[in-house]
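> Give me a 3D structure for the following:
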Amino acid sequence: MEVQVSVDLRSKFLDFLKVFQEKGEFKYRERVKQMVLSGSTSLVIDFDDLLIFDKDLAKELRENPLVTLDAANKAVKDFIEIEAKDYAQKYERFNARFRGVPDVIPLRKLRSEHLFKLISVEGIVTKITPVKQLLYEAVFRCVECGGEVRVPQLGRGFSQPTFCPYCGMEEDFLEESAKKKSKRKRKSNFELVLEKSTYIDWQKAVVQEKPEELPPGQLPRSLEVVLREDLVDVVRPGDRVSITGVLMVQQEYSLKKDKPPLFRTYLEANYIEASEKGFLDIEITPQDEKMILKLAEDPSIRERIIKSIAPSIYGYHHIKKAIALQLFGGEPKVLPDGVRIRGDIHILLVGDPGTAKSQLLRFVAQVAPRAVYTTGKGSTAAGLTAAVVRDKTTGDFYLEAGALVLADKGIACIDEIDKMDNRDRVSMHEAMEQQTVSIAKAGIVATLNARTAVLAAANPAFGRYIPQKGIVDNIDLPITILSRFDLIFVIVDTPDLEKDKALTEHVLRIHQGELPEADGIIPIDVLKKYIAYARKNIHVRLSEEAMKKIEEFYLEMRAKSTTPDSPVAITPRQLEALVRLTEAHAKMALKTVATAEDAEAAIELMSYFLHNVGIDVETKMPDIDVILTGKPRSQQEKLAKLMDLIKDMEATSDNGLVKVTELIEAAKDESLDETFVEKALRHWKSEGIIYEPKPGYIRRVRA
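The predicted structure is shown next:
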């Protein structure tokens with residue numbers, strides 16, 4: 001009876017493939033032609049087409065997929081034999097892959113009622129194992145007569161023949177030992193012929209809930225997915241995927257009387273595709289597009305977008321403008337020599353406690369169509385980039401994606417980045433500039449994409465920001481990380497009667513349920529779609545006027561550094577940041593050409609950053625070395641003078657030692673005060689540049 005049902009289903013599927021038309025064309029005949037050209041063994045079938053053709057057949061596929069999929073696979077083989085006979089003879093098996101199965105089930109809503117049904121799920125790939133070869137059809141040789149028997153390996157276990165059809169020999173059962181007379185060990189009369197057996201590719205992935213769909217206070221749920229044949233290596237860790245498959249169960253451990261018979265679920269994938277990533281995940285209907293284009297016609301659209309960034313937080317116009325530009329991003333470029341220039345904008349917020357830094361980050365994580373929020377204290381290098389973990393069932397190592405990889409083509413919000421361990425922070429270097437994560441652990445050498453914009457927040461090292469000190473002295477962050485941020489903003493909580501009054505009114509009105517300046521604010525869901533549309537469809541190039549503006553500003557700043565003693569005010573790294581900011585400003589208004597107005601807006605933000613952060617606090621001169629090297633030019637010159645003094649005193653000393661008190665006196669003649677000298681000596685000792693052979697004396701460490 002079951003065989004007859006399978007034959008009927010096979011016949012129905014074949015009829016569907018032969019006669020289904022779309023816009024007057026035989027859709028699946030065309031797809032078979034594409035299969036032949038691409039060398040594929042899978043025919044992708046749209047579930048909606050099957051639903052239109054035969055509702056009962058579509059229902060049977062969802063309710064009883066194990067039998068129905070087998071019939072569909074055979075029907076595909078029959079169909080290809082009709083349409084491309086030579087191609088059908090080339091391969092033994094063909095697969096029917098069904099996409100667009102309706103009613104995507106959230107991972108945390110999977111229940112026993114979904115077992116052995118064809119379902120669709122969505123999520124992020126967090127782990128993926130190496131590809132292995134699964135025994136599909138085993139060939140056994142009888143040890144008595146040499147006859148060969150083929151045994152399909154259909155289940156999860158290993159199937160062997162019990163008798164030889166050629167000589168009638170059955171498997172022997174021998175007593176294992178006198179002590180274990182009740183237990184008998186099977187001795188096989190067959191040997192597995194590896195070279196004649198058939199294998200297919202096999203891989204296991206783990207799919208996790210999307211961060212934006214995670215209920216508050218809940219840990220993300222995950223599901224194992226088994227991929228076979230042409231589905232292997234279709235996706236990578238960090239990819240957002242849509243999967244159609246059959247929900248299956250596997251025994252958790254051997255069934256015993258004292259343990260409940262528990263089973264764990266996994267998904268046997270039938271079709272998998274990586275959905276368009278990041279900002280492209282959001283579906284934009286024709287009505288949405290019409291609304292977005294109408295919004296872009298508003299001359300004040302940029303101001304409206306800036307006003308819509310965390311409207312409950314008072315002030316911070318420059319910071320909100322920078323965040324708005326970060327959400328839109330510049331244009332990534334690949335040069336002819338293969339070098340990639342990032343388009344993502346990195347921003348760092350440094351400020352006193354209670355200045356709403358974390359709330360700004362939380363808002364961005366909410367409004368960005370793809371974002372990951374994490375804190376420095378709870379993040380490790382592996383958690384940020386990627387970890388190599390061992391699979392429990394196979395014992396193999398595989399990659400597990402971290403926050404920066406999961407935020408690929410989105411925004412990574414890292415709060416309290418200063419609290420992160422130094423060894424863990426190093427892992428961010430490559431991700432921020434090259435926008436990749438390279439792993440070489442446990443025999444796995446891989447490079448994952450981390451094309452993400454970083455929005456980070458940090459607290460001052462001394463509790464509050466001290467304006468008399470430079471940015472490097474105020475924050476516990478290495479120069480290598482600081483220099484990779486395009487914009488750094490310092491938020492200082494200084495009493496100001498007028499500002500404090502406005503802030504008080506703003507906060508009190510919010511507590512009354514009002515949102516001040518609500519006019520013109522764009523709702524979050526609309527803003528999300530607007531950003532996604534711009535990122536997907538708008539590609540900006542600089543006009544001649546914009547390039548001229550940027551060039552004039554850059555050369556003007558460089559001109560301040562022409563004398564030998566003057567500090568460097570700006571470097572090519574800031575020039576690239578200016579280009580990114582200009583492109584993002586044009587993208588905010590859905591413009592494909594950046595004008596002089598866009599360049600001026602970028603220059604204004606860059607000037608604000610350089611004036612507040614890239615400045616020597618002693619000389620009040622612009623000095624980008626404050627960020628690039630951690631020391632302004634004036635301090636570098638002082639340190640060079642002090643080191644020369646130590647060298648001279650070592651040369652004139654009888655034993656090569658320099659007395660610290662004498663060094664301090666000699667330094668005063670070079671206009672170097674005692675505090676500066678003591679601080680420099682402490683730093684050089686910690687860096688291993690000098691050492692103290694005996695109390696009160698120092699000496700340089702010679703290479």
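
> alpha carbons only for contacts and neighbour counts from here, please
OK.

> what's the spacing between Lys117 and Asp54?
Distance of Lys117 to Asp54, given as Cα to Cα, to the nearest Å: 18 Å.

> Please say which of these two ends up with more neighbours.
Between Lys117 and Asp54, Lys117 has the larger neighbour count (other Cα atoms under 10 Å), namely 18 against 14.

> contacting residues for the more buried one?
Shown in contact with Lys117 (Cα atoms under 8 Å, 6 or more residues apart in numbering): 62-65, 246-247.

> partner residues bridging Val593?
Arg541 (DSSP bridges).

> Just to be sure, Asp337 is in a helix?
No: assigned with DSSP: H, G, I helix; E, B strand; the rest coil, Asp337 falls outside any helix and is coil.

> returning to that earlier point: mark which of the contacts of Lys117 are buried, thanks.
Among those, those buried by neighbour count (16 or more other Cα atoms under 10 Å) are 62-63, 65, 246-247.

> Format those residues as TSV; extra columns: pLDDT and distance to Gln160.
As requested, the buried ones among the contacts of Lys117 are exported to TSV (pLDDT from 0 to 100; distance: Cα to Cα, whole Å):
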residue	pLDDT	distance to Gln160
Arg62	88	32
Glu63	89	31
Pro65	89	26
Val246	90	26
Leu247	91	26
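
> on that earlier part again, I'd like to know which of the contacts of Lys117 are part of helices.
Judged by DSSP state H, the subset of the contacts of Lys117 located in helices is 62-63, 65.

> re earlier: out of the buried ones among the contacts of Lys117, the closest to Lys77 would be?
Pro65 (17.8 Å; Cα to Cα).

> thinking again about what came up before, using JSON lines, lay out the contacts of Lys117 together with distance to Phe489.
As requested, the contacts of Lys117 are exported to JSON lines (distance: Cα to Cα, whole Å):
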{"residue": "Arg62", "distance to Phe489": "55"}
{"residue": "Glu63", "distance to Phe489": "57"}
{"residue": "Asn64", "distance to Phe489": "59"}
{"residue": "Pro65", "distance to Phe489": "57"}
{"residue": "Val246", "distance to Phe489": "51"}
{"residue": "Leu247", "distance to Phe489": "50"}
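
> Could you break this structure into its assigned domains?
2-99, 103-275, 286-626, 633-700 (automatic domain parsing).

> deepest of these, which one?
With neighbours defined as mean count of other Cα atoms under 10 Å, the domains of the chain peak in mean count at domain 286-626, which reaches a mean of 19.

> What mean pLDDT does that one get?
Per-residue pLDDT over domain 286-626 has a mean of 79.

> go on, stretch 26-42?
On average, stretch 26-42 scores 84.

> got the contact list for the closest residue to Ala138 other than its chain neighbours?
Leaving aside its chain neighbours, Ala138 sits nearest to Ser197 (4.7 Å; criterion: Cα to Cα, 6 or more residues apart in numbering). The neighbourhood of Ser197, defined by Cα under 8 Å, 6+ apart, consists of 135-139.

> Give me the subset of those residues lying in strands.
135-139 (DSSP state E).

> closest to Glu113 among those?
Proximity of these to Glu113 (Cα to Cα) peaks at Tyr136, which lies at 29.2 Å.

> Tell me how far that closest one lies from Gly157.
Distance from Tyr136 to Gly157, by Cα to Cα: 11 Å.

> Pro693 now?
70 Å.

> picking that back up, just give me the closest of the contacts of Ser197 to Tyr271.
Proximity of the contacts of Ser197 to Tyr271 (Cα to Cα) peaks at Tyr136, which lies at 19.2 Å.

> That closest one contacts Phe158, doesn't it?
No: the criterion here is Cα atoms under 8 Å, and Tyr136 misses it with Phe158 at 10.1 Å.

> Would you map the strands across the stretch 401-550 of the chain?
Per DSSP state E, counting those that start in this stretch, the stretch 401-550 of the chain carries strands over the ranges 411-415, 436-441, 444-449, 453-458, 487-491, 541-542.
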